[in-house]
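**Q** following is a predicted model, sequence given first.
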Amino acid sequence: MASWQIIVAGVVGVIVVSIVTNVLSQVLFRDPNKPPFVFYWIPWVGSAVSYGMDPYKFFEDNRKKFGDVYTFMLLGRKLTVALGPKGNDFVLNAKLNSVSAEDAYSHLTTPVFGKGVIYDCPNYRLMEQKKFAKGALTVRAFQSYVPLIVEEIRQFWFKSPEFFGGNSDRPSGRTDLSVALPQLTIFTASRTLQGKDIRAKFDESFADLYHDLDRGFTPVHFVFPNIPIPITFKRNAAQKKVSDTYMEVIRERRRTGDLSEFDLINTFMKDAVYKDGVRMSDREIANMQIGILMGGQHTSASTSTWAMLHLGADKEIQNALYEEQVAVCGENLPELTYENLQELPLLNSVIRETLRMHPPLHSLMRKIRSDIAIDGTRYVLPKGEYVLAAPGVPMIDPQYFKDPLTFRPRRWEETRNIINLNDSSEAAVISKGAKSPYLPFGAGRHRCIGEQFAYVQIGTILSNFVREFTWTLPPGSSVPTPDYSSMVTLPNKPCAIVWTRRRISEKK
Ligand code: HEM
């Protein structure tokens, strides 16, 4: 036998032995104090393919076999899924000394956001950072943001030849929302949350740098955060350049002394002093801007894209949104305000229903820091493994939402359709407690701080779109299926709509 044949035979032998050992250990040894384990053939890889292709199918298929709690292997990690409202509560409200989000996410997020913030610091620091950020997420701030968002939509989006404009006002056309909405989302978020100076940089190279950061935020990097491939090097270079740019802006604002506008940079510059007297450094404030902008970017862009696709397939709701605005804002539809947004229940139901069917994050993970027992079972999960909540599962469970796979925003006006809850009032269904079946923004100490901002941003985009256009999906197409290949659940491309500009007379 030639030496290469010996090597090949050796490698094949090792693979076969490890597969056989793995299968036997699963079949022969079952620890009664551990949850049932999802069977897998290939060591280390485990259930990565079935989970990665369609996590909801994976959760449901295994729930049928094992119930709400089971463990699976994902690329060398053992994850215990805890489904349903009780599972959400178990994972999202677990004690700080039992589980940790930073241990689960930091290797992925720190190279992108930078040092000292979000998951690259102790949890008590993150809690304070979130509190500082809330200074730019108040009602007064939102009142100032709505006109800025409207201006962006009108100035840059409706007029852009790439999307909805062209020679003066193009009367009709076809647009790919998967390109248009991410761009509008980053323009409006940077304009409002970070100021005019930062927004201006998105017309230059900043957008490309953010794109490089984004591409360093993949499932591959989840497993190999520093894999030496070009996108990793680009990610690292972009992180430094973007962070340096924010630092220059911070220094410039400090030099001029003008911190009058509501935005996150000013808020952090003024208020970011921790309880123990330590002030956040400029570098940390800069890195925080990346973390927050990226936290809201794909989540909000995906939600507005799904919402517009569903509305394209549902003329009745689309028209009703227009009529709702006419009734609330008046015949001539003057510029939308933050107060108007609070008075548009159907608009808010559309966003809520979109998030019910398409929560952007399908899996929320924590790493176990000390052994934890699961209440009501004999299971104990050991330190070093992971727990996973999937808030999207109860949101499409017929036990809680009648006809759950149908987009029906009006269900939120008739909460009797949301069944089998101890308290079926709307307040209970959308409550912030972890036991609610409706948790698109998570719960507990890591709950999202961007919910109200997201409603303001998405609500302003949708309502301005409804004022300006009517639209449908291209003939013969339907709302796309979900694409789970990135960290956020997006609609499969193309996400095209066919639109017609409303005639002035129609705009009343
Ligand atoms: C539709 C839009 C959004 C959705 C559905 C969403 C969803 C979520 C979820 C599920 C979590 C919890 C993560 C976990 O427990 O592991 C979260 C956390 C967070 N989100 Fe959002 N988000 C959205 C928009 C935003 C926006 C606009 C911002 C910023 C303005 C933002 C900033 C954050 C931050 C800072 C956290 C906290 C992370 C932590 O404490 O660990 N999000 N979001």
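**A** Looks like it came in fine.
**Q** and residue 318, how many neighbours?
**A** By other C-beta atoms under 10 Å, 21 other residues sit near residue 318. For the C-beta atoms, the positions are set from N, CA and C on the backbone; glycine is no exception.
**Q** gap between it and the ligand?
**A** Going from residue 318 to the ligand by C-beta to the nearest ligand atom, to the nearest Å gives 20 Å.
**Q** where does that residue fall, secondary structure wise?
**A** Element membership for residue 318 (DSSP states H and E) is helix 315-329.
**Q** what comes up buried for that helix?
**A** By neighbour count with 16 or more other C-beta atoms under 10 Å, helix 315-329 contains the buried residues 317-318, 320-322, 324-325, 328-329.
**Q** repeat that for stretch 42-49.
**A** For stretch 42-49, burial by neighbour count (16+ other C-beta under 10 Å) applies to 46-48.
**Q** go on, stretch 443-450?
**A** 443-444, 446, 448-450.
**Q** and if you look at stretch 480-497?
**A** Within stretch 480-497, the residues that count as buried by 16+ other C-beta under 10 Å are 480, 482, 484, 487-491, 495-497.
**Q** relative to the ligand, which of those is nearest.
**A** In terms of C-beta to the nearest ligand atom, no member of the buried residues of stretch 480-497 lies closer to the ligand than residue 488, at 8.9 Å.
**Q** circling back: pLDDT of the helix or strand following the helix holding residue 318, averaged?
**A** Where DSSP H and E defines the elements, the next helix or strand beyond helix 315-329 is helix 338-342. Mean pLDDT, helix 338-342: 96.
**Q** for the remainder of this discussion, apply numbering that starts at 18.
**A** Let's use 18 as the start, then, which means that last one is helix 355-359.
**Q** got the phi/psi numbers for the closest residue to the ligand within the stretch 268-417 of the chain?
**A** For the stretch 268-417 of the chain and the ligand, the shortest gap (C-beta to the nearest ligand atom) falls at residue 313, measuring 2.6 Å. Dihedral pair for residue 313: phi -100, psi -10, per degrees, to the nearest 10.
**Q** out of the buried residues of helix 332-346, which comes closest to residue 259?
**A** Comparing these against residue 259 with C-beta to C-beta places residue 338 closest, at 36.4 Å.
**Q** wait, residue 419 sits on residue 413?
**A** No - contact criterion C-beta atoms under 8 Å: residue 419 and residue 413 do not qualify, at 11.4 Å.
**Q** so what secondary structure elements neighbour the helix or strand that residue 105 is a member of?
**A** Using DSSP H and E, residue 105 falls within helix 101-109. Packing partners of helix 101-109 (3 or more C-beta pairs under 8 Å, 6 or more residues apart in numbering; DSSP states H and E): strand 94-99, strand 381-385, strand 403-406, helix 409-412.
**Q** most tightly packed of these?
**A** Looking across the helices and strands packed on helix 101-109 with neighbours counted as mean count of other C-beta atoms under 10 Å, the highest average goes to strand 403-406: a mean of 25.
**Q** quick check: residues of the stretch 368-517 of the chain near the ligand?
**A** With the criterion set to C-beta under 6 Å from any ligand atom, the stretch 368-517 of the chain comes near the ligand through 372, 376-378, 381, 457-459, 463, 465-467, 470-471.
**Q** return the subset of the residues you listed lying in helices.
**A** 372, 470-471 (DSSP state H).
**Q** most neighbours among these, which one?
**A** When neighbours are taken as other C-beta under 10 Å, the top entry among those is residue 372 (26 neighbours).
**Q** didn't it look like it was pressed against residue 465?
**A** No - at 10.9 Å, residue 372 does not count as touching residue 465 under the criterion of C-beta under 8 Å.
**Q** find the residue at the geometric middle of this structure.
**A** Centroid-nearest residue in the chain: residue 316, 3.1 Å away (criterion: C-alpha atoms, centre = their mean).
**Q** which residue packs closest to that residue, ignoring adjacent ones?
**A** Excluding the flanking residues, the one nearest residue 316 by C-beta to C-beta, 6 or more residues apart in numbering is residue 377, at 4.2 Å.
**Q** which residues sit in contact with that neighbour?
**A** 315-316, 319-320, 457, 505-506 (C-beta atoms under 8 Å, 6 or more residues apart in numbering).
**Q** what's the farthest-apart pair in the residues you listed?
**A** The farthest-apart pair in the contacts of residue 377, when distances are taken by C-beta to C-beta, is 315 and 457, at 13.7 Å.
**Q** what's the average pLDDT for stretch 70-90?
**A** Rounded mean pLDDT across stretch 70-90 is 97.
**Q** buried residues in it, which are they?
**A** Result for stretch 70-90 [16+ other C-beta under 10 Å]: buried residues 72, 75-76, 79-80, 83, 85-90.
**Q** mind putting these into JSON lines with distance to the ligand and secondary structure?
**A** JSON lines is the format used below for the buried residues of stretch 70-90 (distance: C-beta to the nearest ligand atom, whole Å; DSSP: H, G, I helix; E, B strand; the rest coil):
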{"residue": "72", "distance to the ligand": "14", "secondary structure": "helix"}
{"residue": "75", "distance to the ligand": "19", "secondary structure": "helix"}
{"residue": "76", "distance to the ligand": "16", "secondary structure": "helix"}
{"residue": "79", "distance to the ligand": "21", "secondary structure": "helix"}
{"residue": "80", "distance to the ligand": "20", "secondary structure": "helix"}
{"residue": "83", "distance to the ligand": "24", "secondary structure": "helix"}
{"residue": "85", "distance to the ligand": "19", "secondary structure": "coil"}
{"residue": "86", "distance to the ligand": "19", "secondary structure": "strand"}
{"residue": "87", "distance to the ligand": "20", "secondary structure": "strand"}
{"residue": "88", "distance to the ligand": "19", "secondary structure": "strand"}
{"residue": "89", "distance to the ligand": "19", "secondary structure": "strand"}
{"residue": "90", "distance to the ligand": "21", "secondary structure": "strand"}
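**Q** now for the residues you listed: which two are most distant?
**A** Top of the distance list for these (C-beta to C-beta): 85 and 90, 18.8 Å.
**Q** which residue packs closest to residue 152, ignoring adjacent ones?
**A** Closest residue to residue 152 apart from its sequence neighbours, by C-beta to C-beta, 6+ apart: residue 284 at 3.9 Å.
**Q** show me what from the stretch 118-267 of the chain comes close to the ligand.
**A** Residues of the stretch 118-267 of the chain lying near the ligand (C-beta under 6 Å from any ligand atom): 118, 143, 147.
**Q** can you list the domain ranges for this structure.
**A** 18-46, 48-130+378-456 (automatic domain parsing).
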